[in-house]
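Peer 1: the amino acid sequence is not available; the structure is as follows:
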């Protein structure tokens, strides 16, 4: 087979700051699954608004579990930045083409970027040499988030 005949599949590593069971992470997974292989390395609990915290003094625990809709994922007892660090260096995963954090329920705009765990995960990936983006959804209290409505928009944006 010649290189011209080979189609390379994109590989994404995704995480968030809301925990492995957050609906935004599931929506992000569905959006990216249409574009390539998706590896999930997500925090065991919510780390929203905890900034760019990293664990440097104690071992980081990682659990491997089957979770719908993802299948097998890695659940990290650490921050979103820890998830990226572990996902890129400690789990023997294929190095991703992109790290994408989110989908965050709430806009990360202005000073929010300083304390956003979602933005911190993308920054950590960039620090480690992997292109990354953070995806957020503006929230109004009187309007429920339509996670499934976000999927095609995220797919289209990332594909570009």
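Peer 2: Perfect, thanks for sending it. Computed from a predicted model, the values in this text were never measured in an experiment.

Peer 1: doesn't residue 86 belong to a helix?
Peer 2: Yes: membership of residue 86 in a helix is supported by DSSP: H, G, I helix; E, B strand; the rest coil.

Peer 1: and the closest residue in space to it that isn't next to it in sequence, what pLDDT?
Peer 2: Spatial nearest neighbour of residue 86, chain neighbours left out: residue 76 (5.4 Å); criterion: Cβ to Cβ, 6 or more residues apart in numbering. C-beta here means a position set from N, CA and C on the backbone, and glycine is covered the same way. We have a pLDDT of 97 for residue 76.

Peer 1: surely residue 76 touches residue 84?
Peer 2: No: with contact defined as Cβ atoms under 8 Å, residue 76 does not reach residue 84; the gap is 9.4 Å.

Peer 1: where does this protein have low pLDDT?
Peer 2: 1-8 (pLDDT under 70).

Peer 1: ranges for the helices of it?
Peer 2: For the chain, the helices defined by DSSP state H occupy 23-33, 80-89, 112-115, 117-127, 147-159.

Peer 1: compare those and give me the one nearest residue 133.
Peer 2: helix 117-127 (5.7 Å; Cβ to Cβ).

Peer 1: buried set for that closest one?
Peer 2: Burial within helix 117-127, assessed by neighbour count using 16 or more other Cβ atoms under 10 Å, is assigned to 117, 118, 119, 120, 121, 122, 123, 124, 125.

Peer 1: residues touching the residue lying closest to residue 67 once chain neighbours are set aside, list them.
Peer 2: Sequence neighbours aside, residue 73 is the residue nearest to residue 67 in space, at 5.3 Å (criterion: Cβ to Cβ, 6+ apart). Residue 73 sits next to 20, 40, 41, 42, 64, 65, 66, 67 when contact means Cβ atoms under 8 Å, 6 or more residues apart in numbering.
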